[in-house]
Each structure stands twice: as C-alpha cells, then as structure tokens.
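> A predicted structure for the sequence below; I have some questions about it.
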Amino acid sequence: MCGIVGYIGSGDIKSRLIEGLRELEYRGYDSAGIAIMQNGKIESFKAVGKLCNLEEKIKNFTARSHGMGIGHTRWATHGKPTELNAHPHMSENSYVVHNGIIENYREIKRMLQENGINFLSQTDTEVIVHLFETEIKRHKELFDAFKATIERLDGAYAVLLITKKAPDTIFFARKGSPMILGRNGKGEIFFASSDAPLIGEAEEVAYIEDGTIGYVTKKTIFSQPDNLLFVPLSGDKLTAQKSGYRFFMEKEIYEQYDVMSDTMIGRVLDNDIAFEELDETFMEGVSNIKICACGTSYHAALTSGYLFERIAKIGVNIEIASEFRYKKPLLSPDTLFIVISQSGETADTLEALKMAKKAGLKTLAVCNVDNSSIVRLADATILTRAGIEKGVASTKAFATQVMVLWMLSLYFAKSRKSVDEVSIRDEIRYMGYVPKVLQKSLEVHEKCKRLSKRYLHGHGFFFIGRDIFYPLALEGALKLKEISYLHAEGYPAGEMKHGPIALADAELFTIALMPKTLLYDKIKSNVEELSARDSTILSISPQMFDLADDFILTHPHKHPMLEFFEMMVVVQLLAMEIAVRLGNDVDMPRNLAKSVTVE
Ligand code: F6R
C-alpha cells in the first residue's frame, strides 16, 4: 500500500525521506518518488520498482541543509506502475503526494481539462495539485485554497502538498487514510503513514484525526479543527511500534479499521468490484473452487464457502492443507485452487499449492506478504494489505482475508453473471460500512474487560454459531485457546444436541453468536437447549436475550457480514482480556510461532 513521508528541518533531507520510505516498504509498493524544496525551488525524482532505483537516480543530487520535502511509495490503483504515475504529482508551482482514492476524480479531471489543463498521469491524485492551482487564483490565502481543494474531494485521502508560493510550508489533510505528525527538540517535523519511520526520530507524535486539515512550517503547526494531540513516542522500537497499546494484538485489533480501507481501496468501487490482479478471462473454464489453508486462514476459507456458494453460485470445497496433502486428492482441471495464508510461508499450504500446480490447476493466493513463497508460486495473488502482523494470534490478517474473499465472491458472481446488478450494488454498499463497524468501541472493550473475570475457570468453552457465524465461532475459540490456554471449541449451534450437549452444566461456558440478520430464531432455540441444561451463557447479539447470563450488545445491522465483522472484534477482545487476566503473554503465546514453515 502507498506510504507517505514528509520532513521539515535542517537534517539531511534526502536521507530523511529515503530512510522514512524504507521503513514503509513493508506496506508493499511498485514505484517511489520524492520532492525537495530548497531556496524556493523544488526538485523531484521518481523511479519504478524498488527504492534502490530511486536512490540510484538521486545519488548525484546533494540536498543542502534546511528545507523540506515530501516522499511517497506508490502501490498502483489508478494507472500502471510507471514513472509518470508515480508520486509526487506536479502542477505549475506545486507538488502533491497522496494515499487513498479520490472517488470523484473523473468529474474533477473533466472540469479541469475543459479549462485547458493538461494531465501527465492516469492517476486520481493528479487532480489535487491542479485543483489547488485553480483555487489559488480564487483565494487570497494559500490555506484557504488548499482547504477549498480538499473540500472538493470525495473518497479517502492522506495528502501532503508543497508549493513554491509558500516555500516554508507543508499542507496536510487526512480522511480515511492514516497519517501521523511527529516533532523533536531539534526543530525537525515529520509526517508518515505509520509510526515506523518516526521511531528514533520524533520525540512526540500526533495521530492526525479523520477530517483534519492544516499546515506546518518550521515554527508553526496549524490544524482545523484544532485537535492535534501530541503524545510521547518511545525511542524503543518495540514500545513505539505498539503506538500506546499494551500489546501488538490489541493494536492490531484496533488497526482493523484502517487496514480494511486499504484492503478495499481500488477494489470496491462505486458500483463495481475490480481486481487488477486478475485478468478478465480468469474464471474461464472454471466450474468449481477448492480452497486450502491452515488455522485462522482456514476459518476465513470456511466463511468464504458460504459466500461463494450463495453469491457466486459456484461449488466450493474447503480443506485443511495438512489433510489435503496426504489424501491423494482427485484434482480436475476445471477447479480453481485457492490458498489462503497470512505469512505466505506455511509449509502445508505451500505444499498443497505445489500439488495443485503440478496437477495443472489454475491457482490463486490470498496472502498478506508480497514476495512470499506462496505468492511467488501462485498463478495470481490478491494481497490482503493488512500490514505487518506481529501478534502471534492473527486478527487483522483474518479480517482482511474475509474481506478479500467476500469481494472475490462478488467478483466471481459478476463474471459468472450469477447475480443481478441491483444485488451487486447493494452488496457493495454494505461493504462500504465495514471500516465503520470496526471502529474502536471503548464501551465494548470495557465490557469484555469486566466480563473476562467471570470466565477464567470452568471445564471448557463452546463458541457456537450458524452459517458464517460458525467459522467465526471456530475462530473465537481458536483465539481464546491460543492465548488463554483454556479449552475452547467452536461448534455449529445445531450440532450441539448431537453429542456435545452432554457436557452442559454450569461450568460449561457457551459463547453464543446470535446475529439478528441470519437464522436468529434457530440459534435462539439452540441456546435455549443449552440454557435448559444450566450451561453458563454469554450472548453476543444486537437483541437482548433473557436466558443469557451475560450479554454483549452489538449494533443492529442490515447485512450479516456487518454483524460478522462487529462480532469478530468482540471475540478477539474477549479472548485477549481473558488471557491478560490470566497473566499470559498475549503477543507470544507458548508453543506457537508466527510463521509455521515446518510440517
Ligand atoms: C492463529 C494463527 C494460525 C495461522 C496458521 C496459518 O491465530 O495465526 O492458526 O492462521 O498457522 O498461517 P498462515 O495464515 O500464515 O498460513
């Protein structure tokens, strides 16, 4: 995903920008560029490919001390990864870098072109800088021109803009894409898309809020609204990387809001789903899908099974990779073989992929790590764009996998013409609400914290759900057992009476996922059966349920996937708070590794 850096100060501007971009490399990118302002002149350099290509280009350029600059790593969304499409984008006097998507860029571009402005790139970003030049003519103050520009933009953005008209100023705006402002006692000011480039450089940082717009000079920091709250940034990489959270897991649960927008950018469009990674003929000759994965990724796969069949109307078969490997599976060439992996290195999943390739199947990887073994081997890859996941218990990687798979089910539905356009539009509209559903809820977190003290003993947990909430129940149980070391199982609610209900008593904890939009009455009956046998019940639902001993109230939603994502956060937080109370190492639970490269 794109990364942004900005710098004002008397340090070596060139290396400050390049080193900052290097820290953002993990987000994935295909071109990079910088613009440096010194003595009222702006020099800009861009290169396709890795940062070393950009470094090669600027090796003979010496930046004097004092000045400022902006930099960008681009992950192509609008237009191919070329030098012309790389940021910064320029107009007569100004340069801009941008993360996100300007949804109404076509109409702005048309309007600007009608007024005689020429565009050099195919990007949505370039409209910002031309619009700014136009607004300069209408406003006395440059900040007013910048504000008027930003007000015209729909979509998601983190923007930095510099102009020869104000050679000491960086203008900034944020909505939907992350941006952090940092400063130190040496008078240096930094911008970055995540805190990684700021660690060891900035002493304090302000996490710029959505809807904030402002400017920075060496002496002034101005924002509207006036809401920049600077907090100390630890110089210790590990503490600083946690951004004030107690654990990486906690940080990653809350990051789901930001990364989900990254996952969707350029893919979930107004009335369409697009994957640049897949060509139009991708589904030709495919009549069914097989998915292989392990652990949490397997749960994402199970969730997608419901979506593929229901939305894309295509048969799906899902297998745990370690089982698949040795069963001498029958593979037929009309099967699309999908592997799902956070790390891209999981030995069993990789081996399953090799088997499918050997059998001549078309293969697709859904993965979080670019250039990983699985990505290199698969015919096509869709990156989940969750950013580095440090907590061993996977959270944001799962969320983004499910999101990609939901988007894929719609993409396949479109190419197979299995749903009408109105339904596609409806589904897309609901997708747009997902980041909001993942927003931090202190109330829910507090409730999980309070409830956690009642769930530290007992002889076991059953997480139960139906339909897509069954894999979520599996995932909730896996999260809990991984970090609390308590026994937990996920079960389809309707299956309890076929055996496990024999375990029911007051010391059996049932965590019931009770969405209102999907089979509510059915799961209610299943929970009633457990309650009649005295099981202790924690219900997670938007509807109060009088037989529940405890309750976590979720918001009412109109689409099951929105309920899914909200309940996902609840089970993640609950598992974490129980583990914290038990005094466990949440980020590095015993016996587990982040990347399982052995069989
Ligand atoms: C659980 C977890 C594991 C992984 C599994 C597969 O929190 O992280 O269950 O999901 O080891 O790993 P990847 O997704 O890297 O293939």
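That came through, no problem.
> only C-alpha atoms from now on, for both contacts and neighbour counts.
Noted.
> sec struct for Phe545, please.
What DSSP: H, G, I helix; E, B strand; the rest coil gives for Phe545 is coil.
> which phi and psi does the closest residue to Lys390 other than its chain neighbours have?
Nearest residue to Lys390, sequence neighbours excluded (C-alpha to C-alpha, 6 or more residues apart in numbering): Phe248, at 6.2 Å. When read as degrees, to the nearest 10, the backbone of Phe248 gives phi -60, psi -40.
> could you pull out the helices in the stretch 451-599 of the chain for me?
With DSSP state H, counting those that start in this stretch as the criterion, the stretch 451-599 of the chain has helices at 469-484, 520-532, 560-581.
> please identify the buried residues of the second one?
Just to be clear, that refers to helix 520-532. Residues 520, 523-524, 526-531 are the ones in helix 520-532 that count as buried (16 or more other C-alpha atoms under 10 Å).
> could you export those residues as a markdown table, including pLDDT and distance to the ligand?
Shown next, in a markdown table, are the buried residues of helix 520-532 (pLDDT from 0 to 100; distance: C-alpha to the nearest ligand atom, whole Å):
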| residue | pLDDT | distance to the ligand |
| --- | --- | --- |
| Tyr520 | 94 | 28 |
| Ile523 | 94 | 26 |
| Lys524 | 94 | 28 |
| Asn526 | 93 | 27 |
| Val527 | 92 | 27 |
| Glu528 | 92 | 30 |
| Glu529 | 91 | 30 |
| Leu530 | 91 | 28 |
| Ser531 | 90 | 30 |
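> center of the chain, which residue is that?
By C-alpha atoms, centre = their mean, the chain has its centre lying nearest to Val259, at 2.1 Å.
> ok, the residue nearest to Lys390 touching Glu255?
No: with contact defined as C-alpha atoms under 8 Å, Phe248 does not count as touching Glu255 (10.0 Å).
> so after the helix or strand in which Ile424 is found, what's the next helix or strand?
Per DSSP states H and E, Ile424 falls inside helix 421-431. As assigned by DSSP H and E, the chain's next helix or strand after helix 421-431 is helix 434-437.
> ok so, going back, using PDB, write down the CA coordinates of the helix holding Ile424.
The C-alpha coordinates for helix 421-431 follow below in PDB (Å, rounded to 0.1, in the frame of the first residue of the first chain):
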ATOM      1  CA  GLU A 421     -26.700  -5.600 -10.900                       C
ATOM      2  CA  VAL A 422     -29.000  -4.300  -8.200                       C
ATOM      3  CA  SER A 423     -27.800  -7.100  -5.800                       C
ATOM      4  CA  ILE A 424     -24.200  -6.300  -6.600                       C
ATOM      5  CA  ARG A 425     -24.700  -2.600  -5.900                       C
ATOM      6  CA  ASP A 426     -26.500  -3.500  -2.600                       C
ATOM      7  CA  GLU A 427     -23.700  -5.800  -1.500                       C
ATOM      8  CA  ILE A 428     -21.100  -3.100  -2.400                       C
ATOM      9  CA  ARG A 429     -23.000  -0.500  -0.400                       C
ATOM     10  CA  TYR A 430     -22.800  -2.700   2.700                       C
ATOM     11  CA  MET A 431     -19.100  -3.400   2.100                       C
END
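> next, the angle from that helix to helix 560-581.
With axes from the mean of the first three to the mean of the last three C-alpha atoms, to 10 degrees defining the directions, helix 421-431 sits at 20 degrees from helix 560-581.
> save the helices of the stretch 451-599 of the chain as TSV, and put in distance to Ile311 too.
What follows is these, written out as TSV (distance: least, C-alpha to C-alpha, whole Å):
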stretch	distance to Ile311
helix 469-484	17
helix 520-532	21
helix 560-581	13
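> go through the ones you listed and pick out the most buried.
The highest average neighbour count among the helices of the stretch 451-599 of the chain, using mean count of other C-alpha atoms under 10 Å, belongs to helix 469-484 at a mean of 26.
> circling back: where among the helices of the stretch 451-599 of the chain is average confidence lowest?
Among these, helix 520-532 carries the lowest mean pLDDT, at a mean of 92.
> from what I can see Asp534 touches Ala504, true?
Yes: using C-alpha under 8 Å, Asp534 is in contact with Ala504, at 6.7 Å.
> looking at the two, which one has more neighbours?
More crowded of Asp534 and Ala504, by other C-alpha atoms under 10 Å: Ala504, with 22 against 15.
> wait, what's in contact with that one?
530, 533-535 (C-alpha atoms under 8 Å, 6 or more residues apart in numbering).
> just give me the closest of those to Val392.
Ser535 (30.9 Å; C-alpha to C-alpha).
> can I get stretch 291-311 as PDB, trimmed to CA atoms?
Extracted C-alpha coordinates of stretch 291-311, given in PDB (Å, rounded to 0.1, in the frame of the first residue of the first chain):
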ATOM      1  CA  ILE A 291      -9.600 -23.800  -1.000                       C
ATOM      2  CA  CYS A 292      -6.700 -25.000   1.200                       C
ATOM      3  CA  ALA A 293      -5.400 -23.200   4.300                       C
ATOM      4  CA  CYS A 294      -4.500 -23.800   7.900                       C
ATOM      5  CA  GLY A 295      -5.600 -22.400  11.300                       C
ATOM      6  CA  THR A 296      -7.200 -18.900  11.200                       C
ATOM      7  CA  SER A 297      -6.800 -18.800   7.400                       C
ATOM      8  CA  TYR A 298      -8.800 -22.000   7.200                       C
ATOM      9  CA  HIS A 299     -11.600 -20.200   9.100                       C
ATOM     10  CA  ALA A 300     -11.500 -17.400   6.600                       C
ATOM     11  CA  ALA A 301     -11.800 -20.100   3.900                       C
ATOM     12  CA  LEU A 302     -14.800 -21.700   5.600                       C
ATOM     13  CA  THR A 303     -16.500 -18.300   5.800                       C
ATOM     14  CA  SER A 304     -15.900 -17.700   2.100                       C
ATOM     15  CA  GLY A 305     -17.500 -21.100   1.300                       C
ATOM     16  CA  TYR A 306     -20.900 -19.700   2.300                       C
ATOM     17  CA  LEU A 307     -20.300 -16.600   0.300                       C
ATOM     18  CA  PHE A 308     -19.000 -18.200  -2.900                       C
ATOM     19  CA  GLU A 309     -21.900 -20.600  -3.000                       C
ATOM     20  CA  ARG A 310     -24.600 -18.100  -2.100                       C
ATOM     21  CA  ILE A 311     -23.400 -15.100  -4.100                       C
END
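> buried stuff in it?
Using 16+ other C-alpha under 10 Å as the test for burial, stretch 291-311 gives 291-294, 296-311.
> what about the ligand: which of those touch it?
Restricting the buried residues of stretch 291-311 to those touching the ligand (C-alpha under 6 Å from any ligand atom) yields 294, 296-297.
> list just the nearest of these to the ligand.
Among those, Thr296 lies closest to the ligand (C-alpha to the nearest ligand atom), at 3.7 Å.
> the closest one against Glu475, yeah?
Yes: counting by C-alpha under 8 Å, Thr296 touches Glu475, with 6.3 Å between them.
> could you pull up the residues touching the closest residue to Gly187 other than its chain neighbours?
Excluding the flanking residues, the one nearest Gly187 by C-alpha to C-alpha, 6+ apart is Gly9, at 6.4 Å. Contact partners of Gly9, counting by C-alpha under 8 Å, 6+ apart, are 65-68, 187-189, 218.
> now render these as TSV, adding pLDDT, secondary structure and distance to Tyr485.
Listed next are these as TSV, based on pLDDT from 0 to 100; DSSP: H, G, I helix; E, B strand; the rest coil; distance: C-alpha to C-alpha, whole Å:
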residue	pLDDT	secondary structure	distance to Tyr485
Ser65	68	coil	55
His66	78	coil	55
Gly67	88	strand	54
Met68	94	strand	51
Gly187	94	coil	48
Glu188	96	coil	46
Ile189	97	strand	45
Lys218	91	coil	52
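> among these, which ones are buried?
66-68, 188-189, 218.
> out of the residues you listed, which comes closest to Thr123?
Met68 (24.5 Å).
> how many other residues sit next to Glu277?
As a burial measure, Glu277 scores 12 neighbours (other C-alpha under 10 Å).
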